[in-house]
Structures are given as C-alpha cells and as structure tokens.
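Visitor: 3D model of this:
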Amino acid sequence: FSVLLRPALAPGQAHLLSLAAALAVAETLSSDSLDLPLPRSSRAPVQVKWPNDVTVQGRKLCGILLEGAMDGERLHWAIAGIGVNVNSDTVGLLEVIQREDAGGLGTRPRPVSVQETVGGPVPRAPLLAALLRRLTARWKDLESPEGRASMLAALRERDPLLGQRVEIFAGNAGTEVLSGEGVGIGAEGQLLVRSDTGETVPVYAGDVSLRPPGRSRATAPPLST
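Guide: A predicted model of the protein is given here:
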C-alpha cells in the first residue's frame, strides 16, 4: 500500500520518514494486540535493517520505498510505498531472486511472510488498520525533537547490524563504497560504521548487506532492498 504525506520536515530530514515507517511496521507486527506469535529471542523479534527493511530472524518481511518533492526550504510531499509479505508463498520470490541475481543472493535477505512465520493465514484488513494507526503515531513523532529521539531509541533496540560486518553499496551500479562494523544509529538517523582503519563513518544513504563470516567482498552488486 502507499501513503501520501505532507510532513512538516526539513529536506535534510526526509530520510527519517522511511526509518519511522519501518519501525512502525516492526512494532505493529510485534504488538500483543494482534495476537501474532512471532518468534521471541534475546533481542527484539522483529528488527529494522537500516534503512528500510523489516526482518525476522534475518529474513525480510517488508520493504519500504520513499519518493517525494522538495526544494531548498521544505519537503512538499512524500509517498511511502510499503510492501508487507502477509500471506504470500515466498518460495516463488526466492526463485525469482535466484534467477535474476544468483551471484548476489548471499548479500540479500531471504524473503519470509507473516503467514510462514506464525504458521497460518493472517487477516489483512485488521493488520492494515493497525499499521496505519502506528504509522500515523511514528510519523507524528518526527515533528518534535523529543519524538525523534524516542523513534531513534526504539530503532536502536531493533538494530540487527549492530556489531556485525557490513558492506555499503551506492549508485545504480551497486559500487561498494565502505565496509566495516556496524556500531549503531546516530542522532540524525544515520548508520554508523567503523571502518577497517578504526574511523567511525556516518552513512546517510545506500544499500547495506551483512557480510557472512569468511566471505570475501561481493564481486557482483546486490539487488536493491
């Protein structure tokens, strides 16, 4: 589904919209009120892989894309496109990934659906209603410093990249621009990566892949997630 927004944000804060959306989806799927028995672990069961993927046990439940119009002074409008795998059979999705980008499969999260996670079909209308309520609350948080701080603190609790080896890709060609260890999310929503030289580098945009232990750097660019 897609949501049209007219947020009271500066252009430099536009990236926070997708972060807030991903967090709202993760929080909705984790809500006891929905009675979805998602797996429990020592960390939050539903996580947000910066900047816009919602995952459970390393598998992708949801992806988010944002587009909009802005000038040097303000963000005029934005459209958040949110795709949640609810009752889909992700075996077919995995086959498409394997066919289109077999070389990059190791850098891309495997798909999973809510149905596959909880062991049965999930009614979509109540889920959509709950998502819209939570999205509204988290997007409203972005309009105040206190709300933004609350959102970022909640994201840090669901960060699967913390302490992991990561690779950052940028541009249409998927060029690797940075690799290192994920060390958290900064005060402006940027991903913080400690490079091999020990420098902490802020990342504001790009595709992020986890590097499995023992795997050399990707020789083929991953598909955007």
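Visitor: show me where pLDDT drops low in this structure?
Guide: 33-44, 101-108, 171-175, 211-225 (pLDDT under 70).
Visitor: Let me see the ranges of the strands in it.
Guide: For the chain, the strands defined by DSSP state E occupy 2-5, 46-49, 53-56, 59-70, 75-84, 165-170, 175-185, 191-195, 200-203, 207-210.
Visitor: tell me the most buried of those strands?
Guide: strand 46-49 (a mean of 26; mean count of other C-beta atoms under 10 Å). For the C-beta atoms, the positions are set from N, CA and C on the backbone; glycine is no exception.
Visitor: The strands of the chain into TSV, with extra columns for distance to residue 140?
Guide: Compiled in TSV, those are given as follows (distance: least, C-beta to C-beta, whole Å):
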stretch	distance to residue 140
strand 2-5	11
strand 46-49	18
strand 53-56	20
strand 59-70	17
strand 75-84	14
strand 165-170	30
strand 175-185	20
strand 191-195	24
strand 200-203	26
strand 207-210	27
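Visitor: what's the spacing between the residue lying closest to residue 14 once chain neighbours are set aside and residue 57?
Guide: Of all residues not flanking residue 14 in the chain, residue 75 sits nearest, at 5.4 Å (C-beta to C-beta, 6 or more residues apart in numbering). For residue 75, the distance to residue 57 equals 35 Å [C-beta to C-beta, to the nearest Å].
Visitor: Can you read off the backbone torsions of the nearest residue to residue 210 once chain neighbours are set aside?
Guide: Nearest residue to residue 210, sequence neighbours excluded (C-beta to C-beta, 6+ apart): residue 164, at 5.6 Å. The phi/psi pair for residue 164 (degrees, to the nearest 10) reads phi -110, psi 150.
Visitor: in terms of contact, does residue 164 touch residue 182 like I think?
Guide: Yes. Between residue 164 and residue 182 a contact is recorded at 5.2 Å, counting by C-beta atoms under 8 Å.
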